[in-house]
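**Student:** coords please:
(chains A, B and C)
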Amino acid sequence: GEMKSPSKWTIVVNIFYSILHSVSATTFVSNPLSGLVILVTMLFCDRRAALLGLVATLAGIASFWPLGLPVQLLVGGSVTFNCFLLGSLLPLAGEETHSWQGIEFLIPLAAVLGIFVVYLWSGFNGILARVDIPVLSAPTNLLALLLVYSGYFLQFSHGPELPSLTHDDDNRIHNKSEDTFQSDCNCSISNQLWSGVVLSQGVIFQVPVAQSYIIYLSVFIYSPILFCQEVLGGVIGTIIGMGLDVNGACSADVCNGVWGYNSLLTAAALGGYFVRFNFHSFLLSIIGAIVSGFMCAVLKKSGVPILGIPFMLSTWILLPLAKMPSSNESSKLRCGDL
Amino acid sequence: GEMKSPSKWTIVVNIFYSILHSVSATTFVSNPLSGLVILVTMLFCDRRAALLGLVATLAGIASFWPLGLPVQLLVGGSVTFNCFLLGSLLPLAGEETHSWQGIEFLIPLAAVLGIFVVYLWSGFNGILARVDIPVLSAPTNLLALLLVYSGYFLQFSHGPELPSLTHDDDNRIHNKSEDTFQSDCNCSISNQLWSGVVLSQGVIFQVPVAQSYIIYLSVFIYSPILFCQEVLGGVIGTIIGMGLDVNGACSADVCNGVWGYNSLLTAAALGGYFVRFNFHSFLLSIIGAIVSGFMCAVLKKSGVPILGIPFMLSTWILLPLAKMPSSNESSKLRCGDL
Amino acid sequence: GEMKSPSKWTIVVNIFYSILHSVSATTFVSNPLSGLVILVTMLFCDRRAALLGLVATLAGIASFWPLGLPVQLLVGGSVTFNCFLLGSLLPLAGEETHSWQGIEFLIPLAAVLGIFVVYLWSGFNGILARVDIPVLSAPTNLLALLLVYSGYFLQFSHGPELPSLTHDDDNRIHNKSEDTFQSDCNCSISNQLWSGVVLSQGVIFQVPVAQSYIIYLSVFIYSPILFCQEVLGGVIGTIIGMGLDVNGACSADVCNGVWGYNSLLTAAALGGYFVRFNFHSFLLSIIGAIVSGFMCAVLKKSGVPILGIPFMLSTWILLPLAKMPSSNESSKLRCGDL
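**Tutor:** Below you'll find the predicted structure:
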């Protein structure tokens, strides 16, 4: 059919929308307004993280043209959220917070990584689409691992005793903000749990507690069910962390949401985003959040950075189950058939 | 078609049958009588292992209803043997043998793990069925790894120097039974080999030598070919262990069947269970048993618990080959076509 | 149709051709003459490596009959290059170079490994063909890892501080040849880069610098584009190695091509062998070479032998992208569609 040439303004507006979708899709929200709220929140906390995320996202969007990827993928942000996530992690490599030193090196790096993310996404998708599972955050995880092990994130590259990426991330947040429960969480289990669940959301976007509430709020406005699922996942992951963490009565990791964010994402993916919420997917998301939490323990003990690997693996394993036609009456199990 | 409502007795009998199939399917035997023999044998050795295996199996069977899995899978035991296997491993975490302390905690844990096994099995199957390979013991391996690394099996969680799960298992067996070749195997190579091959079967069900003969016997009655394949696999794995094990003249691991059980299972899977026995599959099972034995060495050196991982990986890699239409005359290679 | 029985000479000639193809296919050249040149070059450097490679290749070719693999695979050498590669690595296990001691043990080992390679290739292909990606060097990598971790390559089996397989390989080359840039490369970056790129080709066939030029020449004669891609890959990998290698001003690994050969193979695979060379695949091969180089860093830090694993993984991830119909105009992205 014949199509009118779109005006320049349409193009700019559409790219602006897909950037906001990329931001919000990181926590499974498909809403440009939520993306705008999250982006503004991040800009108040760490301007560099938000800026580098945006640079990577723009480079990723530009990569859609040479690769000929379908437009729907661009609009939903399900590809380019990887760009935003990876770009926003880059400032963690520097020694000092809020320092703009080296930014002339970080901006081209973020742009190159944004392009790499989209290329790797297409490659992963070519394989994973055959077995009908989504790529999720695989490109971010792979590229972040490559950066960590090649020494870019210097503080994470101490060989087998690698601390988790987000652990350091959280320490950094604490250094720059007095707004957390760190001091309180020495005292009570309930405060540890509260802080852990709240920051399970914040740690994804590297924001402290107050801003984490804002992000939770923007999730709630988009979908109360998704909000409940994310809180549920955060609670499960944090409780597992509290039960397994043997480093003392009050672990900074637990309070900072490091144990919770993978379970949060898994519960959201299995019980709301990829699958319609019902009793079956509710059970599934609980199981996924538990498996995800224990996978965090495996990675921690092995010295591999956690990143989004537990979320990715547990969702890959359990998502095929969610798509099973279990509501189909004819396939139901009947005892007499045994 | 119209179906009569089955009586309660039919249901109970069918569930009883599928439990026995779950027990015997662990060593690739599809026979309720063999399952009963193995179960009774285990009850004489370690009542807790058998009991927790049964609890996990019942919980796994109950999970078939909400998931809507087909009945055939339940009857064959090819899913729920994972539940029995994982449940029977749980008592290994305790410090003391034959102690019923903490059983009020272990029973609900076994039940929860039984449910998790079936959910993970369905998820794995959703992916692996696309590439036409069976799930095998993947859920058990994954969940046992999660338990080991999260510190549940305390004695296995010393970081990179993790001993193998079954190594400890065997030490335990030795402590509670004088019925083994441990003392003799310092002397002769033939005794080491004999003990290793016999316990390659026993170590799967955590029973000592005498009971291991009984299990071998129940395999022989079910299928002499399967029995021969399992012995062959056990011999190959034990010889590889004897050749590679540098810890001294007589390693406890070799004598206790730790090097043999993965090769035993691989040989049974490739040369009898999944493929009809013929010269082609006989060759394949030898190759599979060798690859499996060397994979044990890799895991041992890497400090990862062996579990059933070598069996699973080598069978996954070689099974597609077994299904190739190599008997089809038209696909045969002809030199003149070169 | 009716076919005449081929004469014995035809069979011998065809097998001879497929051997030469197996040699040249290691560096993606499909030309018996190039294979002959490379083989003769290797015979001048290390007769044992070439001999054991040939034994493994012959055993691999013989395995085609029982497995009923199609003839086309044999002729192209895309399966049996794995046999040649693995066989040629075997002499590295011995303590002394050019010693024929233990050759009566190495020859049957090479033959057995040649058979194993073809069996494993068929198994891998059965799985990977479903997701439409080639097996590449997966059997060599798996079997070499099994040999390394089971202690066959004694010098590589020091637990977590395993040096890379090819690192030792190169030290050996240096010991037996004064023909390298080792002494010079302490001085200038350009010499390091030059030596690294030249030996990125030579290290695959375990030959020093002068012979490496000959192999590059035989690649150039076969296809100038493939030659350019391989040089490009070697340059990218070596530069990454120079940038990341923190062991001093002049690392032996960089000079010896250890950082370059995986990127070289990846660039050849993505921008010439599996995909027709154009601007799109050129970009892709650059990205693949970079990802491959950083994967080398991950393996080095983890203490896992490098082998051809980075090449294999990066090609697997990016090859599906190369096959996308991006030149199809209708699938091109249009801004106005956003």
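**Student:** now residue A:78: how far from chain C?
**Tutor:** Relative to chain C, residue A:78 is positioned 15 Å away (C-beta to the nearest C-beta, to the nearest Å). Quick note: C-beta positions are derived from backbone N, CA and C, even for glycine.
**Student:** ok, now how distant is residue A:267 from residue A:203?
**Tutor:** Look at residue A:267 and residue A:203: by C-beta to C-beta, to the nearest Å, they are 15 Å apart.
**Student:** Settle it for me: which of these two has more neighbours?
**Tutor:** More neighbours surround residue A:267 than the other of residue A:267 and residue A:203, with 36 against 24 (other C-beta atoms under 10 Å in any protein chain shown).
**Student:** other SSEs contacting the helix or strand hosting that one?
**Tutor:** For residue A:267, the host element (DSSP states H and E) is helix A:261-268. If you count contacts as 3 or more C-beta pairs under 8 Å, 6 or more residues apart in numbering or on different chains; DSSP states H and E, helix A:261-268 packs onto helix A:189-205, helix A:224-244, helix A:279-302, helix A:309-322.
**Student:** Could you say which of the ones you listed is packed most deeply?
**Tutor:** Comparing those by mean neighbour count (mean count of other C-beta atoms under 10 Å in any protein chain shown), helix A:309-322 ranks first with a mean of 25.
**Student:** From the rest of the structure, what touches it?
**Tutor:** Applying C-beta atoms under 8 Å, 6 or more residues apart in numbering or on different chains, the external contacts of helix A:309-322 come out as A:132-134, A:136-138, A:141, A:261-263, A:265-266, A:269-270, A:274-275, A:280-281, A:284, A:287-288, A:291-293, A:295-296, A:299, B:67, B:119-120, B:122-127, B:142.
**Student:** Okay, buried residues for the helix or strand containing residue A:147 please.
**Tutor:** Under the criterion of DSSP H and E, residue A:147 resides in helix A:138-149. In terms of neighbour count (16 or more other C-beta atoms under 10 Å in any protein chain shown), helix A:138-149 has its buried residues at A:138, A:139, A:140, A:141, A:142, A:143, A:144, A:145, A:146, A:147, A:148, A:149.
**Student:** Out of these, which comes closest to residue A:11?
**Tutor:** residue A:139 (25.3 Å; C-beta to C-beta).
**Student:** Distance-wise, check the closest one relative to residue C:318.
**Tutor:** Counting by C-beta to C-beta, the gap from residue A:139 to residue C:318 is 11 Å.
**Student:** Quickly list what's touching both of these two.
**Tutor:** Joint contacts of residue A:139 and residue C:318 (C-beta under 8 Å, 6+ apart) are residue A:120.
**Student:** Point out the other helices and strands that the one helix or strand residue A:106 maps to packs with.
**Tutor:** Per DSSP H and E, residue A:106 falls inside helix A:103-128. If you count contacts as 3+ C-beta pairs under 8 Å, 6+ apart, helix A:103-128 packs onto helix A:47-67, helix A:81-89, helix A:138-149, helix C:279-302, helix C:309-322.
**Student:** Repeat the analysis, applying 10 Å as the threshold.
**Tutor:** Helix A:103-128 sits against helix A:47-67, helix A:71-76, helix A:81-89, helix A:138-149, helix C:279-302, helix C:309-322, with contacts defined as 3 or more C-beta pairs under 10 Å, 6 or more residues apart in numbering or on different chains; DSSP states H and E.
**Student:** For it, buried residues please.
**Tutor:** The neighbour-count check on helix A:103-128 (16+ other C-beta under 10 Å) flags A:106-107, A:109-111, A:113-128 as buried.
**Student:** re the thing from before, and the helices and strands packed on helix A:103-128, which one is worst for confidence?
**Tutor:** Among the helices and strands packed on helix A:103-128, helix A:71-76 has the lowest mean pLDDT, at a mean of 82.
**Student:** Report whether that one contacts chain C.
**Tutor:** Yes: residues of helix A:71-76 contacting chain C under C-beta under 10 Å from any C-beta of the partner chain: A:71, A:72, A:73, A:74, A:75.
**Student:** Derive a PyMOL selection command for the buried subset of these.
**Tutor:** Those of these that count as buried under 16+ other C-beta under 10 Å are selected in PyMOL with:
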select buried, chain A and resi 71+73+74+75
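**Student:** of the residues of helix A:71-76 next to chain C, closest to chain B?
**Tutor:** Chain B has its nearest neighbour among the residues of helix A:71-76 next to chain C in residue A:73, at 22.0 Å by C-beta to the nearest C-beta.
**Student:** Need the three-state assignment for the closest residue to the closest one other than its chain neighbours.
**Tutor:** Take residue A:73 and drop its neighbours on the chain: the residue closest to it by C-beta to C-beta, 6 or more residues apart in numbering or on different chains is residue A:79, 5.0 Å away. Classification of residue A:79 by DSSP: H, G, I helix; E, B strand; the rest coil places it in coil.
**Student:** burial count for residue A:79?
**Tutor:** Residues lying near residue A:79 (other C-beta under 10 Å) number 24.
**Student:** Was I right to think it contacts residue A:63?
**Tutor:** Yes: Residue A:79 is within contact range of residue A:63, at 9.3 Å (criterion: C-beta atoms under 10 Å).
**Student:** got any residues that touch both of the two?
**Tutor:** Residues touching both residue A:79 and residue A:63 (C-beta atoms under 10 Å, 6 or more residues apart in numbering or on different chains): A:69, A:117, A:118, A:121, A:122.
**Student:** Among the residues you listed, which pair sits farthest apart?
**Tutor:** The most widely separated members of the shared contacts of residue A:79 and residue A:63, counting by C-beta to C-beta, are A:69 and A:117 (12.2 Å).
**Student:** Find the residues that touch each one of the two.
**Tutor:** Common contact partners of residue A:69 and residue A:117 (C-beta under 10 Å, 6+ apart): A:63, A:79.
**Student:** Does stretch A:190-199 reach chain B?
**Tutor:** No: Stretch A:190-199 is not in contact with chain B by C-beta under 10 Å from any C-beta; minimum separation 16.9 Å.
**Student:** what's the offset of that stretch from the middle of its chain?
**Tutor:** Relative to the centre of its chain, stretch A:190-199 is centred 18 Å away, using C-alpha atoms, centre = their mean, to the nearest Å.
**Student:** Residue in chain A with the shortest distance to chain B?
**Tutor:** Using C-beta to the nearest C-beta, the single residue of chain A nearest to chain B is residue A:320, 2.3 Å away.
**Student:** Return the nearest residue of the stretch 51-200 of chain A with respect to chain C.
**Tutor:** Nearest residue of the stretch 51-200 of chain A to chain C: residue A:126, at 2.2 Å (C-beta to the nearest C-beta).
**Student:** Just want the phi and psi numbers for residue A:137.
**Tutor:** phi -100, psi 30 (degrees, to the nearest 10).
**Student:** Go ahead and confirm it touches residue A:144.
**Tutor:** Yes: assessed by C-beta under 10 Å, residue A:137 is found in contact with residue A:144 at 9.3 Å.
**Student:** anything in contact with each of those two?
**Tutor:** In contact with both residue A:137 and residue A:144: A:85, A:86, A:307, A:308, A:309, using C-beta under 10 Å, 6+ apart.
**Student:** ranking those residues by neighbours, who comes first?
**Tutor:** Neighbour counts for the shared contacts of residue A:137 and residue A:144 (other C-beta under 10 Å) peak at residue A:86, which has 28 neighbours.
**Student:** Which residue, other than its chain neighbours, is closest to it?
**Tutor:** Using C-beta to C-beta, 6+ apart and skipping residues adjacent in sequence, the residue nearest residue A:86 is residue A:140, 4.7 Å away.
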